[in-house]
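Visitor: after the sequence you'll find the predicted model.
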Amino acid sequence: MLLPLLHLLLLLFFFFFSPSYSTTTTIGVNYGTVADNLPPPTTVATFLRSQTTINRIKIFDTNPDILRAFAGTGISITVTVGNGDIPNLSKLPAAQSWVSTNILPFHPKTAINRIAVGNEILATSDKDLIAHTVPAMKTLYQALTLANITNIQVSTPHSLGILTSSEPPSSGQFRPGYDKAIFAPMLDFLRQTKSPFLVNPYPFFGIDPNRPDSLNWALFEPNGGVLDSVTGFNYTNMFDAQMDAVFSAMKKLGYDDVDIAVAETGWPSAGEPGQPGVGLDNAASYNGNLIKHVNSGKGTPLMPNRTFETFVFSLFNENLKPTISEQNYGLFKPDLKPVYDVGLLTHQEAMGPTSDEAPGPTSSSGSVSGSGSKTWCVPKTNANEKALQANIDFACSSGIDCGPIKDGGPCFKPNTVRSHAAYAMNAYFQASGRHPSDCDFGNTGVIAYTDPSYDTCTYPYASSAAATSSAPEAAEGPAAGMKARKSDSGASVKLGVSILINHIISYFICILFCFLL
Ligand SMILES: *[C@@H]1O[C@H](CO)[C@@H](O)[C@H](O)[C@H]1NC(C)=O
Ligand SMILES: *[C@@H]1O[C@H](CO)[C@@H](O)[C@H](O)[C@H]1NC(C)=O
Ligand SMILES: *[C@@H]1O[C@H](CO)[C@@H](O)[C@H](O)[C@H]1NC(C)=O
Ligand SMILES: *[C@@H]1O[C@H](CO)[C@@H](O)[C@H](O)[C@H]1NC(C)=O
């Protein structure tokens with residue numbers, strides 16, 4: 001308890017008394033709005049402009065109230081196309097109409113400088129969306145050009161689930177099938193239009209409760225490092241390892257010259273009781289160190305001297321998110337008081353540490369003490385049926401046993417898409433090594449800390465899957481998943497093969513779509 005407190009004090013000391021810090025540091029933030037207690041956009045715009053060094057925001061839609069509120073602030077804005085709009089936007093008239101509705105009324109008074117075409121599309125496993133993403137990016141760009149707009153980039157953010165391999169970083173590789181069918185044309189488009197490849201690295205999801213050093217490695221705090229024996233580089237933080245894994249994947253396709261920007265990263269300041277890694281001091285440490293790191297110009301071992309445009313997730317704590325940890329990614333509370341200080345306020349002397357007002361239960365220790373907590377994966381309350389059906393289709397075609405949710409099976413009743421999806425998503429999550437990113441399902445899954453089993457329906461829980469790791473995770477999802485699969489027996493090989501077959505099928509579907517469009 002004492003050590004982390006000391007850490008926090010040192011951190012705060014550094015931020016308060018480092019004279020050039022607040023004036024030179026800029027950062028972007030994701031302005032998420034899944035809450036019913038946030039101040040109006042005009043208040044937010046005034047606050048950011050007058051009291052912080054935050055100079056760019058990213059929103060998850062094209063909310064006209066927000067776009068109007070930021071007019072004339074000089075704060076640049078990334079807007080997001082809804083995932084469901086992507087197929088239509090691959091047709092030029094629809095793209096032109098979208099630009100007319102969502103861009104032209106606001107730009108350039110509101111400094112919209114980037115369009116994110118969907119969010120983590122690959123993670124949705126929706127083949128129609130995936131196949132239409134690059135075409136929609138190109139068509140939107142064309143629609144902007146036709147409207148004489150040349151200062152808005154078009155890109156799309158990815159979770160690290162796009163990599164099949166990420167550890168060591170030099171082994172980074174895109175998922176087979178998608179590499180040539182999706183990523184090569186996407187990177188080609190980004191190169192031609194001088195736009196960055198957007199990724200959402202979350203070292204928080206990569207911490208391994210069984211290895212005390214992995215928390216410090218994720219937080220940019222002193223640790224023993226992780227050696228990439230291929231390159232000889234000693235990685236002293238997980239962020240660099242994740243970024244270099246992405247870089248390696250791009251390089252293998254011949255696109256190492258395309259810029260990388262961080263569309264989302266963050267750390268929850270509170271979470272479920274006993275949840276590993278969460279807490280005020282850790283969140284302050286991660287985001288504070290991150291901001292210093294990405295602005296330092298140091299780059300990463302494979303990308304020396306680069307700075308990374310970075311958007312912290314998130315501006316506010318969002319009270320309508322489904323879990324306590326998801327509610328507590330914010331740098332600010334709805335009353336505009338900082339949750340903790342990461343040096344982004346222009347009048348720092350006025351602000352004190354606010355840790356005494358920490359909302360919700362926190363894992364107060366600086367170590368991953370809650371390592372015993374079990375996790376399951378269930379649908380988010382706001383996930384729609386179509387997405388949940390897609391999750392069932394995906395999970396059940398990946399090699400897991402979906403017999404229990406078939407007619408006559410112990411989990412068939414209640415016969416609802418939501419109930420069946422909960423079973424299938426959890427089974428997939430368990431089989432993949434129970435890594436948080438394997439419960440993302442295009443932002444429709446959420447980790448549960450209580451066993452969802454009922455009556456005779458028993459949800460699978462793989463007790464050994466996550467314990468096989470021998471080093472801190474270099475990246476989320478796939479690497480951890482693959483490792484668990486490797487250490488398991490025949491069933492996992494079957495899972496791997498089915499996933500491979502899935503990828504091959506998607507590859508051909510993609511080729512088909514690309515020719516049709
Ligand atoms: C896509 O376009 C079709 C035909 O113009 C329209 O009926 C449909 O509502 C559109 N879908 C979305 C999600 O906008
Ligand atoms: C775009 O610019 C060209 C050349 O300046 C002009 O002829 C055209 O009318 C403009 N188009 C729009 C939609 O403003
Ligand atoms: C990597 O760096 C860490 C931190 O500086 C150091 O403790 C560790 O010995 C280094 N490992 C190797 C293999 O050089
Ligand atoms: C990075 O910067 C350092 C110090 O300015 C310089 O010595 C080095 O050559 C640079 N490396 C690259 C790859 O540009």
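Guide: On my side now, so go ahead. Ligands and ions are numbered 1, 2, ... in the order given.

Visitor: where in the stretch 251-400 of the chain is pLDDT low?
Guide: 347-373 (pLDDT under 70).

Visitor: and the contacts of stretch 377-394?
Guide: Contacting residues not belonging to stretch 377-394 are listed as 124-126, 322, 402, 405, 417-418, 420-422, 424-426, 428-430, 438-439, 441-448, 452 [CB atoms under 8 Å, 6 or more residues apart in numbering]. Yep, even glycine has a C-beta here, placed from its N, CA and C like the rest.

Visitor: again with stretch 92-110
Guide: 62, 64, 67-68, 70-72, 77, 79, 81, 85, 88-89, 112, 115, 136, 139-140, 142-144, 146-147, 149, 151-152.

Visitor: and the gap between residue 291 and residue 75?
Guide: 17 Å (CB to CB, to the nearest Å).

Visitor: what about burial for the contacts of stretch 92-110, which qualify?
Guide: Those of the contacts of stretch 92-110 that meet the buried threshold are 62, 67, 70, 77, 79, 81, 85, 89, 112, 115, 136, 139-140, 143-144, 149, 152, by 16 or more other CB atoms under 10 Å.

Visitor: go through these and flag which are in strands.
Guide: 77, 79, 81, 112, 115 (DSSP state E).

Visitor: let me know the closest of those to ligand 3.
Guide: Ligand 3 lies nearest to residue 77 out of those, by CB to the nearest ligand atom, at 38.9 Å.

Visitor: need the contact list for that closest one.
Guide: Contacts of residue 77 by CB under 8 Å, 6+ apart are 56-59, 66-67, 70, 110-114.

Visitor: need the residues you listed in a markdown table with distance to ligand 1 and pLDDT, can you?
Guide: Supplementary listing: the contacts of residue 77 in a markdown table, determined by distance: CB to the nearest ligand atom, whole Å; pLDDT from 0 to 100:
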| residue | distance to ligand 1 | pLDDT |
| --- | --- | --- |
| 56 | 28 | 97 |
| 57 | 25 | 98 |
| 58 | 22 | 98 |
| 59 | 19 | 98 |
| 66 | 21 | 97 |
| 67 | 20 | 97 |
| 70 | 25 | 97 |
| 110 | 23 | 97 |
| 111 | 27 | 97 |
| 112 | 21 | 98 |
| 113 | 25 | 97 |
| 114 | 22 | 98 |
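
Visitor: any idea how far residue 456 is from the residue of the chain positioned farthest from its centre?
Guide: Distance from the centre of the chain peaks at residue 408, with 38.1 Å (CA atoms, centre = their mean). Here residue 408 is placed at a distance of 12 Å from residue 456 (CB to CB).

Visitor: give me the neighbour count for the residue in the chain that ligand 3 sits nearest to.
Guide: Taking CB to the nearest ligand atom, ligand 3 has its nearest neighbour within the chain at residue 225, 2.8 Å off. Other residues within reach of residue 225, judged by other CB atoms under 10 Å, total 13.

Visitor: isn't it up against residue 238?
Guide: No: using CB atoms under 8 Å as the test, residue 225 is too far from residue 238 to be in contact (10.8 Å).

Visitor: common neighbours of these two, please.
Guide: residue 217.

Visitor: flag every residue of this protein that's near ligand 1.
Guide: Contact residues (CB under 6 Å from any ligand atom) of the chain with ligand 1: 84-85, 88.

Visitor: for residue 163, state which of those residues is nearest.
Guide: Distance to residue 163 across the residues of the chain next to ligand 1 (CB to CB) is lowest for residue 84, with 25.5 Å.
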